[in-house]
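Participant: sequence unknown, structure follows:
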């Protein structure tokens, strides 16, 4: 299944509900375009809800890292929400769990952004 | 079944679609070989990453080149070869993606994931050229016993 995404603005934060696969090609490109679009619209507090992301490969991991650094460069923050076990394990073995701010509660994720 | 080796050879075009195709084929072979869904996922991901490397860095997305995938079903383990037609590389030259300076790089994790998911990983440069990624996965205990005609004790 290709990647699909829906945005929800909650105050100054934007929660992006993503479903499908983040893999080499369209999936990774779609995520890149999505984050770029949010930044262009001044949305810099971003929560990626990955609850329905069934699969991520190394390109998808790379795209998450790229998104993280792109948002940070613009003075914003990107957080991850509701990782599946597979994605959780991938971030753990690649040591990226220490890089990303990962949440399992949407409200807490949204309220964790600085002023 | 003891000593019987099955060999499956697949030749892929250097296309983005070949990445998904290689993974799909691998999932079927792994399932037929007795691996469960979780192990199949890991083996499938490993082949996917090896084919991504071949597509991107080996064959440089040149459609005239080919990617060769071979599955060898041996009595105790499965060996998978992924060979490209590029310049080749040495495993020891690949940067460690867990090193502090590489942690935020957007690429370079494929071989690391293969190493994490498979029992053995080697890279050779065959006489025919290119890089050949060789991955080994042992069968689950019950499957291995059945393939070798042995039995397990309670």
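Facilitator: Perfect, I can see it now. These figures come from a predicted structure and were not determined experimentally.
Participant: so residue A:14 sits in a strand?
Facilitator: Yes - counting by DSSP: H, G, I helix; E, B strand; the rest coil, residue A:14 is part of a strand.
Participant: Could you pull out the helices in the chain for me?
Facilitator: Reading this off chain A. Ranges of helices within chain A are A:26-40, A:58-73, A:85-93, A:106-111, based on DSSP state H.
Participant: That was the other one, I meant chain B.
Facilitator: Under DSSP H, chain B gives helices at B:17-32, B:37-53, B:110-117, B:141-148.
Participant: Most tightly packed of these?
Facilitator: With neighbours defined as mean count of other Cβ atoms under 10 Å in any protein chain shown, these peak in mean count at helix B:37-53, which reaches a mean of 22. C-beta here means a position set from N, CA and C on the backbone, and glycine is covered the same way.
Participant: Mind checking the pLDDT average for it?
Facilitator: Helix B:37-53 shows a mean pLDDT of 97.
Participant: Would you mind measuring from the closest residue to residue B:86 other than its chain neighbours to chain A?
Facilitator: Spatial nearest neighbour of residue B:86, excluding adjacent residues (Cβ to Cβ, 6 or more residues apart in numbering or on different chains): residue B:58 at 3.3 Å. As defined by Cβ to the nearest Cβ, to the nearest Å, residue B:58 lies at a distance of 14 Å from chain A.
Participant: Name the residues of the biggest strand by length in chain A that are buried.
Facilitator: Using DSSP state E, we find that the single longest strand of chain A is strand A:45-56. For strand A:45-56, burial by neighbour count (16 or more other Cβ atoms under 10 Å in any protein chain shown) applies to A:45, A:46, A:47, A:48, A:49, A:50, A:53, A:55, A:56.
Participant: Likewise for stretch B:60-75?
Facilitator: The neighbour-count check on stretch B:60-75 (16+ other Cβ under 10 Å) flags B:65, B:66, B:67, B:68, B:69, B:70, B:71, B:72, B:73, B:74 as buried.
Participant: quick check, nearest of those residues to residue A:38?
Facilitator: Residue A:38 lies nearest to residue B:67 out of those, by Cβ to Cβ, at 36.0 Å.
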